[in-house]
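[1] Have a look at this prediction, sequence included:
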Amino acid sequence: MSDVSQPAAHPPVTDWVHDFDHTAPQWTEDPFPIWDELRAASPVVHTERFLGCYMPTTYEAVREIANDTEHFSSRRIIVRDVRPEVTRNAAPPITSDPPVHKPAKQLLLPPFTPDAMKKLEPRMRAICNELIDGFIAEGKVDAAARYAKYIPVRAIAHMLGIPESDSDLFINWIHMILELGIKDESKLLQAVQEMSAYFRAHIEERTSKPTGDLISYLMNARDKEGQPLEESHVLGSLRLLLIAGIDTTWSAIGSSLWHLARTPADRERLIAEPGLIPIAVEELLRAYSPVTMAREVVKETTISGCPVKAGNMVLLSFPAANRDPKVFPDADKVVIDRRENRHAAFGLGIHRCVGSNLARMEMQVALEEWLKRIPDFRLDPAGPVTWSQGTVRGPRQLPFLFGKAM
Amino acid sequence: MTERLRVHVDPDKCQGHARCKALAPELFELDEYGNAHEAGDGIVPPGLEDKAWLAKSNCPEIAIEVIEE
Ligand code: SF4
């Protein structure tokens, strides 16, 4: 019998076009030339790995799939080695298809509007400054591990009403689900169980003492018939908010700082023109989009002229779409004042990221506060920069020198 | 005579990315779900034409129309 806890070995890739593997070290390190190669070959490529998987390589093909909920299901959202049975209410609404998707999504939208995010902004500025206080005297820092990583986790903990001091626990769950879980089912299941138990305890507390946070909000939610949500739905949505809210934005902040550390001209311009930061954030989101989603083909169809067959997964790479030179002139360059930028970093269609307004606010505040206090910084040649694997891409080690240490 | 511009959001296409509101707050409003619609009758006051085109070219869902009247 095969042991599901045993991570599968992935043979090295020799032919990217017909045998791509988004978990390969070369892809993790620098996917951009690979995407260019795939895009030049076809708008949709296929690999036998992951039990059969397509990848749209152009903006148009990504867009077609994202908007086609008839042939593509969201019931599986990670491209992995295994396809275990689908669990109901895994993480609604991201794992739901129409027609159940809409009410689940509409429930989560009001707490994440731009106006709601404005109210959160002062707390975000305080968090960023507390983090900077913790290392500014040292003249060097791993900006991924000690800055970017803790901004989104503390923000979402604040919104959910769970202790910000449990951040490391949450970060570990995310790592088990989104990275280790691609190859090791048991890690994923363990993390999901631990998260559910954690949230159940918080739900229990609030049954006698309701609070104003997102957990109470979901507990108090009623459907059209006036019924409360099933417990599995509340837990699924809570897991989603925690999972989706953490390493995505942590990656986006890290990539942005990585870019600014290596590009003094852009850094100086943002310091001189802080009003440009929101526009620059959009370009950094385009160029270093952290999130790749997945779909499952449930009905045979054609995408950009390419036939796709049911039973395969789709690696829905918004990052690759955002590098399509047909839609973005100089797609491989970061143009921090790019005017026309309909990037798809937060997805397209009905599954548009619920937290996009939160992520944008966090990125703007994280860059503003960093640049105010640490205007001059560069990569530390003594330490490596490492990147995460799989669904979410961003720096995991980002050693910087600044101040006197430079 | 210069033409007058009008913006219109297709409610079936809009997914609430809120790019329009960020780039042209005078021309768009968001509802309680964060989905956009044009402010008032959508007529673009003189001087805001650039913002109308900018919002259109930044909407990821291609939900914004700029109509030259
Ligand atoms: S940018 Fe487009 S999708 Fe986003 S809120 Fe405006 S109209 Fe809707």
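    Good, I have the coordinates. Numbering: from 1, shown residues only, chains lettered A, B, ... in the order given.
[2] Excluding chain neighbours, give the residue nearest to A:Gly285 in space.
    No Gly there; residue A:285 is Leu. Of all residues not flanking A:Leu285 in the chain, A:Ala345 sits nearest, at 4.1 Å (CB to CB, 6 or more residues apart in numbering or on different chains). Bear in mind the C-beta positions are built from the backbone N, C-alpha and C, glycine included.
[3] now swap in A:Ile136 and tell me
    Distance criterion CB to CB, 6+ apart; nearest residue to A:Ile136, sequence neighbours excluded, is A:Arg373 at 6.5 Å.
[4] Could you give the number of residues near residue 12?
    Went with chain A since none was named. For A:Pro12, the count of nearby residues is 9 (other CB atoms under 10 Å in any protein chain shown).
[5] Sorry, I should have been clearer: chain B.
    Using other CB under 10 Å, B:Asp12 has 7 neighbouring residues.
[6] what's the distance between it and the ligand?
    B:Asp12 is 11 Å from the ligand, where distance means CB to the nearest ligand atom, to the nearest Å.
[7] next one: A:Ser304
    23 Å.
[8] now swap in A:Lys404 and tell me
    45 Å.
[9] Thought A:Gly139 was touching that residue, still the case?
    Yes. Here A:Lys404 reaches A:Gly139: they are 5.0 Å apart, a contact under CB atoms under 8 Å.
[10] okay, those two: which has more neighbours?
    More neighbours surround A:Gly139 than the other of A:Lys404 and A:Gly139, with 15 against 9 (other CB under 10 Å).
[11] show me what contacts that one?
    By CB atoms under 8 Å, 6 or more residues apart in numbering or on different chains, the contact set of A:Gly139 is A:Leu401, A:Phe402, A:Gly403, A:Lys404, A:Ala405, A:Met406.
[12] If we use 10 Å, what do you get?
    The contact partners of A:Gly139, taken as CB atoms under 10 Å, 6 or more residues apart in numbering or on different chains, are A:Ile374, A:Phe377, A:Phe400, A:Leu401, A:Phe402, A:Gly403, A:Lys404, A:Ala405, A:Met406.
[13] returning to what we had before: wait, the residue nearest to A:Ile136 sits on A:Glu130?
    No. A:Arg373 sits out of contact with A:Glu130 when judged by CB atoms under 10 Å, with a separation of 11.8 Å.
[14] returning to what we had before: my reading is that the residue nearest to A:Leu285 lies in a helix. Confirm?
    No. Using DSSP: H, G, I helix; E, B strand; the rest coil, the assignment for A:Ala345 is coil, not a helix.
[15] Please tell me how far it sits from A:Ser42.
    Per CB to CB, to the nearest Å, A:Ala345 is found 23 Å from A:Ser42.
[16] For chain B, what lies in contact range of chain A?
    Residues of chain B that fall close to chain A, judged by CB under 10 Å from any CB of the partner chain: B:13-19, B:21-23, B:25, B:30-35, B:50, B:53-54, B:56-62.
[17] run the last query once more with 7 Å
    Selection of chain B residues close to chain A by CB under 7 Å from any CB of the partner chain yields B:15-18, B:21-22, B:30, B:32-34, B:54, B:57-61.
[18] Of those residues, which are in range of the ligand?
    For the ligand, the contacts drawn from the residues of chain B next to chain A by CB under 6 Å from any ligand atom are B:Gln15, B:Gly16, B:His17, B:Ala18, B:Cys59, B:Glu61.
[19] And what about the residue in the stretch 151-300 of chain A positioned nearest to chain B, helix, strand or coil?
    Closest residue of the stretch 151-300 of chain A to chain B, CB to the nearest CB: A:Pro278 (6.7 Å). Three-state call for A:Pro278 (three-state DSSP): helix.
[20] and it, how many residues sit next to it?
    A:Pro278 has 16 neighbours, counted by other CB under 10 Å.
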